[in-house]
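# Here is my input; please provide its structure:
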Amino acid sequence: REIAEESGAAFLLVAHTRKGTGSTLANRVLGSVAFANLARSVLIVVRDGEAPTGRLLALAKSNVAPLDGRAYRFQLEGDPLRVLWRGECFKSEDELLALLDAGNAKRSAIDDAVSFLRDELRDAPARQSDIEDRAKRLGISGRTLQRAKQSLGVRSRKLGLDDGWEWSLPREGEAKNASA
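Numbers count the residues shown, from 1 in each chain. Sure thing, here's the model as predicted:
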C-alpha cells in the first residue's frame with residue numbers, strides 16, 4: 001500500500017474465490033482476508049446465468065464508488081483473444097453470490113488444484129514444501145495436489161541432500177509427462 005501511495009501507481013491482484021463460504025462477495029477472495037480489506041476496490045467475475053459463454057464483471061467492494069448493483073456483461077472470443085462487451089445489467093449481491101456458487105459447483109477439486117499450482121509456478125520454480133504448505137492452508141489435499149502436478153507435467157528437481165525438492169512448470173514445447 002505504501003508503495004502505491006508513494007508512487008501513485010495502481011496495483012491489480014488477480015485471485016480465485018472460495019467455494020460457498022463468506023457472506024459477501026469481497027469475503028470470497030481466496031487467501032488472506034487482508035487482500036480484500038486492503039484493496040480500495042474489489043471486482044468479481046462470475047458466469048452469466050443468461051449466456052452460457054458469458055461472464056459478468058461486478059463491483060464487490062469499493063471505497064471510491066457506490067455499490068449500485070451494476071454489472072457488465074462480456075465474453076471472450078477470437079484468436080487473438082479479445083473482450084466483447086455486451087452491455088450492463090443490475091444484479092444484487094445475493095444474485096451474484098448465487099451465480100458464483102453455481103459456477104463454482106461446476107469446478108472440481110482437481111480444477112482448483114491445477115489453477116492453484118499453475119499460479120504458484122507461473123513466474124518461477126518453487127520449493128515443494130512451500131507449495132504443499134500453501135495448498136494445505138487452502139484446503140487442497142496432498143493427493144489432489146499430486147494429481148494436479150501430474151496433469152500439468154510439473155517437473156521435480158532435487159535441490160541437495162537436505163534441501164528438499166523444487167517444482168517447476170514444463171518448458172514450452174516440452175512433453176507434459178517429462179517430469180524428472
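# so what's the spatially closest residue to Arg122 that is not a sequence neighbour scoring on pLDDT?
Nearest non-adjacent residue to Arg122, counting by C-beta to C-beta, 6 or more residues apart in numbering: Leu169, 7.3 Å away. Glycine gets a C-beta too; all of them are placed from N, C-alpha and C. As summarised for this prediction, Leu169 has a pLDDT of 93.
# Could you do Ala175 as well?
At Ala175, pLDDT is 51.
# try Ile3
Checking the pLDDT column for Ile3, the value is 84.
# Could you tell me whether it really is in a helix?
Yes: assessed by DSSP: H, G, I helix; E, B strand; the rest coil, Ile3 belongs to a helix.
# picking up where we left off before, isn't the residue nearest to Arg122 right up against Ala148?
No: contact criterion C-beta atoms under 8 Å: Leu169 and Ala148 do not qualify, at 11.7 Å.
# Check the burial of the residue nearest to Arg122 by counting its neighbours.
When counting by other C-beta atoms under 10 Å, one arrives at 18 neighbours for Leu169.
# do Leu159 as well
12.
# Backbone dihedrals for the nearest residue to Phe35 once chain neighbours are set aside, both of them.
In space, not counting the residues next to it along the chain, Phe35 is nearest to Val29; the distance is 5.4 Å by C-beta to C-beta, 6+ apart. Val29 adopts backbone torsions of phi -60, psi 130, taken as degrees, to the nearest 10.
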